[in-house]
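Student: One predicted model, sequence on top.
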Amino acid sequence: MESASVDRIESVRQSVPEWVHTGLRLVLVALVAKPALSKVVTYGSSVSFFDAIGMPAPALMVVVAGFIEVAAVVLLLVGIGERVAAVSLVPVMLVAILYVGPDWKNLGVLFGAMGLLVLVTDFDAIWHSVDRRPG
């Protein structure tokens, strides 16, 4: 049963053209880059905003969110570690939706990151690494 689901998702993944994958990465970069850089460039006002919306430890949260977003943008631009970037963006966007409220950017990044996970995830990766072990 589980194998059929994995095969179905794998066939969908293979039928999606490469330009969709690249386009999704670039859309995520476009949506995340400005807020990520604003957390770094305007740290003080970002801390004030986080404090105003009731975020606990706003100074620390600006650093954490900024680091995660900047790292995700770099990984998506370079095209490596896309799963790591997508997985790291999901909790950041969930917190943003909970504290700021859902808007088209937060929801776009959330659904885009989840879509990227479906497109990039190699379901057999763990078993391939087990097969390659010596002995």
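Tutor: Structure received.

Student: From now on I want contacts and neighbour counts done on CA atoms only, so please keep to that.
Tutor: OK.

Student: Tell me the buried residues in the helix or strand containing residue 77?
Tutor: Assessed by DSSP states H and E, residue 77 sits inside helix 58-78. Neighbour counts using 16 or more other C-alpha atoms under 10 Å place 58-59, 61-63, 65-76 of helix 58-78 among the buried residues.

Student: Go ahead and confirm residue 110 touches residue 94.
Tutor: Yes: Residue 110 is within contact range of residue 94, at 7.5 Å (criterion: C-alpha atoms under 8 Å).

Student: what's the strand or helix carrying residue 111 packed up against?
Tutor: Residue 111 is part of helix 104-120, with elements assigned from DSSP H and E. Applying 3 or more C-alpha pairs under 8 Å, 6 or more residues apart in numbering; DSSP states H and E, we find helix 104-120 packed against helix 2-15, helix 18-41, helix 82-100.

Student: now do 6 Å
Tutor: Packing partners of helix 104-120 (3 or more C-alpha pairs under 6 Å, 6 or more residues apart in numbering; DSSP states H and E): helix 82-100.

Student: pLDDT value on the most centrally placed residue in the chain, please?
Tutor: Most central in the chain under C-alpha atoms, centre = their mean is residue 86, positioned 2.5 Å from the mean C-alpha point. pLDDT recorded at residue 86 is 94.

Student: now swap in the one 4 residues further on and tell me
Tutor: Note for residue 90: predicted pLDDT of 96.

Student: picking up where we left off before, for the residue nearest to the centre of the chain, list the residues it contacts.
Tutor: Counting by C-alpha atoms under 6 Å, 6 or more residues apart in numbering, residue 86 makes contact with residue 113.

Student: what's the answer for residue 71, then?
Tutor: Residue 71 neighbours (C-alpha under 6 Å, 6+ apart): none.

Student: For it, give its distance to residue 37.
Tutor: Going from residue 71 to residue 37 by C-alpha to C-alpha, to the nearest Å gives 11 Å.

Student: go on, residue 27?
Tutor: For residue 27 relative to residue 37 (C-alpha to C-alpha), the value is 16 Å.

Student: low-scoring pLDDT stretches of the protein, where are they?
Tutor: Low-confidence segments of the chain, defined by pLDDT under 70: 1-2, 5-14, 121-135.
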